[in-house]
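Visitor: mind folding the following:
(3 chains)
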Amino acid sequence: MKIYNEHITIQSQKPPEVFNLTAQAKAAVEKSGFRDGIILVSSLHSNSAVIFNDNEPGLLEDLDTWLVQIAPIRDDFKHKDCFESNAAIHFQSLLLNHQAIVAFTEAHLDLGPWQSVLFVELDGLRPKRILVKVMGE
Amino acid sequence: MKIYNEHITIQSQKPPEVFNLTAQAKAAVEKSGFRDGIILVSSLHSNSAVIFNDNEPGLLEDLDTWLVQIAPIRDDFKHKDCFESNAAIHFQSLLLNHQAIVAFTEAHLDLGPWQSVLFVELDGLRPKRILVKVMGE
Amino acid sequence: MKIYNEHITIQSQKPPEVFNLTAQAKAAVEKSGFRDGIILVSSLHSNSAVIFNDNEPGLLEDLDTWLVQIAPIRDDFKHKDCFESNAAIHFQSLLLNHQAIVAFTEAHLDLGPWQSVLFVELDGLRPKRILVKVMGE
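Guide: Below is the predicted model of the structure:
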């Protein structure tokens, strides 16, 4: 197995904000030179997520509506009042998962027709780092 | 590292419907000939999920009850009114996750006594594809 | 690719209870002797979870509050009344995910400054087993 590593840094302008990483995943496979394998795409932060889904603006608005309803910010949470320390946002991140695996075969990403690799910034306004680890042959 | 790829196609009769993929995961390890490694089992659709859980009919009924309560179909969602375009179903899929990794050692799946590999079709009545990527030695 | 396998066994005293596995993940990389790769950390039980998050006591209390609210124990669930058979706890586990992947590069874990690898025991008082599969070079 060969391994190729890189990091993506993303600066959100107005969270929640969704960034499509599919092109960067494709580019990482090309840079690796591998034909078959997997890419681990993993956020290094607890208030963001990496998901596969339809990159449709209406759906992403609905997602925000649902997350705020299912894990609302609460005054009685203990983890709060610090910079980017809001328990509810952590729970939204846990619900969506902070990492996903993108498979590739014959140098093409194994994604369904409606699947994009999406980074969901839920909270912050500072630069966020995402690990992209390509493992293959 | 060696890699063996296949796809499973599943046709739901009445969603939500749960399919036990454990036997297919075992068969994929046998076909690969690998003794140690991992299998990525990843749905190519955003309205289904791959989970590990107890394949007990009562539990799976309860799961449906819970999903509908936690992510109900809403008239005010923007992503709707298209074929298989229902935001709530996407959120149920995100909550459960569309992929899981099945490890194997000495050609046996590393599953707990109550863990089955389950494909959960949440929405559709058309054939759904699942990637099975076996990586190992 | 080389593979190194081990299991961690954890005995909860009072569920829900959270155990920080970060040191054990580091130790597994050292024992493997690999410099670059991934560790699959996967619970062999359906009433526990493996997450990455901030190991802050207030946050973990809030997490328990939120889980009980979002997936409460219900008398009308069918999966109940058996030893450790409580549907709601399974759903809390599904929501958090029973597995996570810890990447490492140059023999150091690729974790963000606030990310710990946490095992969340949601239900049981018997020993629980976690697979730790290190794959790398």
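
Visitor: just checking, A:Lys133 touches A:Ile3?
Guide: Yes - using CB atoms under 8 Å, A:Lys133 makes contact with A:Ile3 at a distance of 6.7 Å. Any C-beta I mention is one placed from the backbone N, CA and C, and that applies to glycine too.

Visitor: higher neighbour count, these two?
Guide: Counting neighbours by other CB atoms under 10 Å in any protein chain shown for A:Lys133 and for A:Ile3 shows that A:Lys133 has the greater number, 25 against 20.

Visitor: now the more buried one: how far from B:Ser93?
Guide: Per CB to CB, to the nearest Å, A:Lys133 is found 25 Å from B:Ser93.

Visitor: could you give the mean pLDDT of stretch A:70-78?
Guide: Averaging pLDDT along stretch A:70-78 gives 92.

Visitor: repeat that for stretch A:86-103.
Guide: Taken as a whole, stretch A:86-103 has a mean pLDDT of 97.

Visitor: what of stretch A:14-30?
Guide: Model confidence over stretch A:14-30 averages 97 on the pLDDT scale.

Visitor: quick one, strands of chain A?
Guide: With strands called from DSSP state E, chain A shows them at A:2-11, A:17-20, A:37-43, A:48-53, A:99-105, A:108-109, A:116-121, A:127-136.

Visitor: same list, the ones you listed, but as a markdown table with distance to chain C please.
Guide: Putting the strands of chain A into a markdown table (distance: least, CB to the nearest CB, whole Å) gives the following:
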| stretch | distance to chain C |
| --- | --- |
| strand A:2-11 | 5 |
| strand A:17-20 | 17 |
| strand A:37-43 | 6 |
| strand A:48-53 | 10 |
| strand A:99-105 | 6 |
| strand A:108-109 | 18 |
| strand A:116-121 | 14 |
| strand A:127-136 | 5 |
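
Visitor: can you lay out the ones you listed as a markdown table showing distance to A:Ala27?
Guide: Formatted as a markdown table, these follow (distance: least, CB to CB, whole Å):
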| stretch | distance to A:Ala27 |
| --- | --- |
| strand A:2-11 | 9 |
| strand A:17-20 | 13 |
| strand A:37-43 | 11 |
| strand A:48-53 | 16 |
| strand A:99-105 | 12 |
| strand A:108-109 | 11 |
| strand A:116-121 | 12 |
| strand A:127-136 | 9 |
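
Visitor: next, the contact list for A:Ile38, please.
Guide: With contact set as CB atoms under 8 Å, 6 or more residues apart in numbering or on different chains, A:Ile38 has these partners: A:101-104, A:134-136, B:40, B:133, B:135.

Visitor: what bridges to it?
Guide: A:Ala103, A:Met135 (DSSP bridges).

Visitor: need the pLDDT of it.
Guide: The per-residue confidence score, pLDDT, reads 98 for A:Ile38.

Visitor: so which residue is dead centre in chain A?
Guide: The residue lying closest to the centre of chain A (CA atoms, centre = their mean) is A:Val50, at 2.1 Å.

Visitor: got the phi and psi for the residue of chain A positioned farthest from its centre?
Guide: Summary for chain A: using CA atoms, centre = their mean, the residue whose C-alpha lies farthest from the chain's mean C-alpha position is A:Asp76, with a distance of 28.3 Å. Main-chain torsions, A:Asp76, degrees, to the nearest 10: phi -90, psi 0.

Visitor: residues contacting it?
Guide: Taking CB under 8 Å, 6+ apart as the contact definition, A:Asp76 lies against nothing.

Visitor: who's in contact with A:Ile89?
Guide: Neighbours of A:Ile89 in contact, by CB under 8 Å, 6+ apart: A:47, A:71, A:73, A:122-123.

Visitor: right, I'll call it a day here.
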